[in-house]
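> Generate a structure from the sequence data that follows.
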Amino acid sequence: MHRLSCRKINIILQLTFLKDPIMLNKHLALLLCACTCAGVASAADPHVETAGFTVDMTEDASVGWHTNDMTLVSDTNNVAKLRLSGLEAWSNMAIDNRTSGWSTSTGDLANGVLNFSLRDGYKITNIEFSANVVGTAKLGDSPQGASDNGLAANSLWLTLTLGTSHGDRSLGSKEIQPGTINGILPVMFDHPNNSVLNHNFVAGIDISEFLQAMPNEWSLWEPGWDHDPIYGSSPSSASLQILNPTLTVTYALAVPEPETYAMMLGGLALLACVARRRKSL
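As a prediction, the model looks like this:
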């Protein structure tokens, strides 16, 4: 799971930050650290039980998701809601030039794995991930008409991948990779291939966040001035957080396939014929 995740992240980063080598290098440095430290042991894994399934969450403690809390919010009418509170706590990042120097950047990677075990007679019909991503990217202030020269940016990469419990086959994946977020971005995507899950499976959640802020070194000059332009500098800032990340899992009692009904009816018909023959004898 971790090797596949790191390889996917590397490809995404090459495509996203090809035009910005500074951001690319920062992301790749974080990726190298995450992949190198993949063997570090994690804390106790949370466990949740519902009427139709159980789920155990594991993490790679070296890849940022240090508080892997998972809470069962509700389980009614065959719909279970799981809140990933550890992801929300991990995702809260902010930088500001006023306190951290001339040019600042930060970022991290996280990987959470949820192992689903279906109870006898149940199947899962849909999985939906939802959250509100709140971001800011504020370039330092400058006088009206000034030429700006600074940077304020944030970036997010989030993917949900489903696979067999043995890890030998992918059941599909969906991802979101918006540009700079300035405000609130609702995020929602459902089961990658919309097929019914009749067996135990694994859901992987991979996240990458990156922030960068450079002071706005502005200059102001107007035609007719008899002196040099006015220069100034003001701090920039950026932030990012994933609020209320929730998995909504819909499950149901498994209904036998038509072939099963056909075999059962055929068996009953055969038993009826045998009983009738014995009675006639």
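> C-alpha from now on. contacts and neighbour counts both.
Fine.
> is it true that Gly140 touches Pro215?
Yes. Contact criterion CA atoms under 8 Å: Gly140 and Pro215 qualify, at 6.2 Å.
> Between those two, which is the more surrounded one?
Pro215 (26 against 22; other CA atoms under 10 Å).
> State the pLDDT value of the nearest residue to that one once chain neighbours are set aside.
Nearest residue to Pro215 in three dimensions, chain neighbours excluded: Pro235, at 4.5 Å (CA to CA, 6 or more residues apart in numbering). Confidence at Pro235, expressed as pLDDT, is 91.
> okay, now Pro235: neighbour count?
Using other CA under 10 Å, Pro235 has 24 other residues around it.
> show me the contacts for it.
Under the criterion of CA atoms under 8 Å, 6 or more residues apart in numbering, the neighbours of Pro235 are 96-98, 139-141, 214-216.
> quick one, what contacts Ile124?
Ile124 touches 118, 196-198, 249-252, counting by CA under 8 Å, 6+ apart.
> Same check on Gly163?
Here Gly163 is in contact with 169-172, 201-203 (CA under 8 Å, 6+ apart).
> Kindly give a single ChimeraX line that selects the buried subset of these.
Remark: buried members of the contacts of Gly163, expressed as a ChimeraX selection using 16 or more other CA atoms under 10 Å:
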select :171,201,202,203
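> what's the pLDDT at the closest residue to Ser85 other than its chain neighbours?
Take Ser85 and drop its neighbours on the chain: the residue closest to it by CA to CA, 6+ apart is Asp69, 5.5 Å away. Looking at Asp69, its pLDDT reads 79.
> Let's test this: mean pLDDT of stretch 114-133, rounded?
For stretch 114-133, mean pLDDT rounds to 92.
> So which bits of it are buried?
Of all the residues in stretch 114-133, those buried under the rule 16+ other CA under 10 Å are 114-119, 122-133.
> What of stretch 88-96?
88-91, 93-96.
> Now the two most distant members of those.
Greatest spatial distance among those (CA to CA): Glu88 and Asp96, at 20.7 Å.
> so what sits against both of Gly140 and Pro215?
With CA under 8 Å, 6+ apart, Gly140 and Pro215 have common neighbours 150, 233-236.
> Check those residues against Met57 and report the nearest one.
Closest to Met57, out of all of those and judged by CA to CA, is Ser236, at 37.5 Å.
> surely the residue nearest to Ser85 meets Asp56?
No. Under the criterion of CA under 8 Å, Asp69 is not in contact with Asp56, lying 10.8 Å apart.
> Overlap in contacts, those two.
Pro46.
> residue boundaries of the helices in this protein?
Taking DSSP state H as the test, the helices found in the chain are 2-16, 21-36, 85-91, 97-100, 258-280.
> Now for the residue nearest to Gly179 when sequence neighbours are not counted: which residues touch it?
With sequence-adjacent residues excluded and distances taken as CA to CA, 6+ apart, Gly179 is closest to Ser155, at 6.2 Å. Residues near Ser155 by CA under 8 Å, 6+ apart: 177-181, 209-211.
> need those in TSV with neighbour count, pLDDT and distance to Gly224, can you?
Listed next are the contacts of Ser155 as TSV, based on neighbours: other CA atoms under 10 Å; pLDDT from 0 to 100; distance: CA to CA, whole Å:
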residue	neighbour count	pLDDT	distance to Gly224
Gln177	13	83	47
Pro178	12	83	44
Gly179	12	85	40
Thr180	17	91	38
Ile181	19	93	40
Glu209	21	92	46
Phe210	24	93	43
Leu211	27	94	40
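> Of the shared contacts of Gly140 and Pro215 - the most surrounded one?
Greatest neighbour count in these, by other CA under 10 Å, goes to Ser236: 26 neighbours.
> Next one: that residue from Asn182, what distance?
13 Å (CA to CA, to the nearest Å).
> Need the residues touching each of these two.
Ala137.
> now Glu175, which residues is it bridged with?
Assessed by DSSP bridges, Glu175 has beta-bridge partners Thr159.
> give the contact list for Phe210.
So Phe210 contacts 27, 105-108, 154-156 (CA under 8 Å, 6+ apart).
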